[in-house]
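Asker: The sequence and its predicted three-dimensional model are supplied below.
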Amino acid sequence: MDWTFILKYTPLYIQAAALTLEIAFWGILFSLLLGIACSLIKYERVPILQGIVSFYIELSRNTPLLIQLFFLYFGLPKLGIRISAENCAIIGLAFLGGSYMAESFRSGLESIDKIQLESASSLGMNRVQTLQYVLFPQAMAISMPSLCANIIFLIKETSVVSAIALADLMYVTKDLIGLYYQTGEALLLLVTSYLILLLPISVLASVLERRLRYAGFGT
Amino acid sequence: MQDLALELLYKGSNFARLLDGLWVTLRISLLSVVLSIVFGILFGLFMRQKHWICQAISRVYLDFIRIMPQLVLLFLVYFGFTRMFGWNLSAEVSSVLVFTFWGTAEMGDLVRGALSSIPPQQYDSASALGLSRMQAYLHVIIPQTLRRLLPPAINLMTRMIKTTSLVVLIGIVEVLKVGQQIIDANRFEFPSAALWIYGLIFFLYFFTCWPISLVATHLENKWR
């Protein structure tokens, strides 16, 4: 192990990790919003929109992120739509993540007992209030473990954005291997970076899952 | 719209080449799926062992796989193993290795989950009926486990097919690479080729994975 090499390039990795996190943050935020919107549309069976949402979910779940990114980044400019690499990455992540979030959140919504809806309406709540005070908080709690799993999945998926020339962890590693042939050191830095990024979230997710299981939501 | 890339597909054997490329990814993923099913079942049984060493090994293995992106694993094997052990693995062998390694972990966890979801009373009732241990497994436990295992296992399969698209990044000539070659070769004649070719590849993947995930959904609904 060449420690001077590792020390020299650690700042580069920190920068790359920051970019990875930034893209992941926006991607996750938008995919959560998109996912919740889609799951509500499917749950409430909104006509027309429901069909569009189902189509979108199937499309995004059954195609790889890499191809989605290539289409966005290399294909769309031919139609005159130019998006920066960073925005492409965020749009791609949101497009992919949205469907996963939607499915997780919908299973949370659907696991809530019908009787709760009836009680809410017998209390005189309207549809929006029921959603806001009864359905939403419970569905959030129930689907928390799978939402966390999706978040980890999306952060991992950001490794693909190096393919559209964003200087993320993968890209930096590929560059260093190409330039100096210090493969072992570059890979060690790469693995360590991902461990530092994802281990805390994964631990947090399993703690959350255990806490929620004991809390006994929805049973 | 200057040109229609449909013409491009008829030209030479472009479409056939794309399908050939798709077959490369499919071959890698199918091989890995088969291997992961075999090793995954073994790993699932291993995870059920109560001994702390077994628990620790499976925990570390599973967590490592869960945390590392597949692309990182690919790089580790393809570039790392050469340096660390001097193994000169071809890109295709490394990718099968990585996807099997990953699939085994995921499949193992599914097998473990399915097995532990069978209530212990089922074992007791089987023995109360006078079934031997072998018969109990054959007629009671395994059919129930399969029902719970099959839908998520099929989903895992589509995930593996999707993820094998990454192998283009370690230099395997698969559908995406073929697409790039076609685009590059026709850059002046068909400037908008990128849109159509990438769009086509997008749908090629979709029509590969979608029927498989439909089967999973169907089984899930039928066996609920």
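Answerer: Sure thing, it's come through. Keep in mind that this is a model prediction, so the values were computed, not measured.

Asker: Which neighbouring elements make contact with the host helix or strand of residue B:154?
Answerer: Here residue B:154 is covered by helix B:142-163, with elements defined by DSSP states H and E. Using 3 or more CB pairs under 8 Å, 6 or more residues apart in numbering or on different chains; DSSP states H and E, the elements in contact with helix B:142-163 are helix B:14-47, helix B:91-116, helix B:193-222. Quick note: C-beta positions are derived from backbone N, CA and C, even for glycine.

Asker: can we see that at 10 Å?
Answerer: helix A:49-61, helix A:65-70, helix B:14-47, helix B:70-75, helix B:91-116, helix B:193-222 (3 or more CB pairs under 10 Å, 6 or more residues apart in numbering or on different chains; DSSP states H and E).

Asker: what angle do the longest one and helix B:142-163 make?
Answerer: Pointing back at helix B:14-47 there. 140 degrees (axes from the mean of the first three to the mean of the last three CA atoms, to 10 degrees).

Asker: Mind checking the helices and strands packed on helix B:142-163 for the one nearest to residue A:101?
Answerer: Minimum separation from residue A:101 across the helices and strands packed on helix B:142-163 (CB to CB) falls at helix A:49-61, 10.3 Å.

Asker: residues of that closest one that come out buried?
Answerer: Buried residues in helix A:49-61, counted by 16 or more other CB atoms under 10 Å in any protein chain shown: A:53, A:56, A:57, A:58, A:59, A:60, A:61.

Asker: Which residues are in contact with the residue nearest to residue A:19 when sequence neighbours are not counted?
Answerer: Leaving aside its sequence neighbours, residue A:19 sits nearest to residue A:168 (CB to CB, 6 or more residues apart in numbering or on different chains; 5.5 Å). Applying CB atoms under 10 Å, 6 or more residues apart in numbering or on different chains to residue A:168 gives the contacts A:15-24, A:89, A:158-162, A:193.

Asker: any idea what sits nearest the most centrally placed residue in chain B, other than its immediate chain neighbours?
Answerer: What sits nearest the mean C-alpha location of chain B, by CA atoms, centre = their mean, is residue B:160, with 2.1 Å. Nearest residue to residue B:160 in three dimensions, chain neighbours excluded: residue B:29, at 4.9 Å (CB to CB, 6+ apart).

Asker: Hmm, that neighbour is touching residue B:172, no?
Answerer: No - Residue B:29 is not in contact with residue B:172 according to CB atoms under 10 Å; the separation is 12.0 Å.

Asker: Find residues that contact each of these two.
Answerer: Shared contacts of residue B:29 and residue B:172, counting by CB under 10 Å, 6+ apart, come down to B:95, B:164.

Asker: residue ranges with poor pLDDT in the chain?
Answerer: If you meant another chain, say so; for now it's chain A. A:213-219 (pLDDT under 70).

Asker: that's the other chain; I wanted chain B
Answerer: B:1-6.

Asker: same thing but at 50, please
Answerer: Residues of chain B that meet the criterion pLDDT under 50 lie in B:1-2.

Asker: Quick check: next helix or strand after the helix holding residue B:154?
Answerer: helix B:175-185.

Asker: can you state the direction angle for that next one and helix B:193-222?
Answerer: With the same axes, to 10 degrees applied, the angle from helix B:175-185 to helix B:193-222 works out at 160 degrees.

Asker: picking up where we left off before, with neighbour numbers in mind, choose between residue B:29 and residue B:172.
Answerer: Using other CB atoms under 10 Å in any protein chain shown as the criterion, residue B:29 and residue B:172 rank with residue B:29 on top: 26 against 21.

Asker: That one: what's it in contact with?
Answerer: So residue B:29 contacts B:36, B:95-96, B:99, B:103, B:157-165, B:167, B:208 (CB under 10 Å, 6+ apart).

Asker: likewise residue A:16?
Answerer: Residue A:16 neighbours (CB under 10 Å, 6+ apart): A:9, A:162, A:166-173, A:175, A:189-190, A:193.

Asker: In helices, which of those fall?
Answerer: A:9, A:169, A:170, A:171, A:172, A:173, A:175, A:189, A:190, A:193 (DSSP state H).

Asker: Now do the contacts for the third one.
Answerer: If I follow you right, that is residue A:170. Counted by CB under 10 Å, 6+ apart, residue A:170 has contacts A:16, A:20, A:158-163, A:190, A:194, B:69, B:71-72, B:74-75, B:169.
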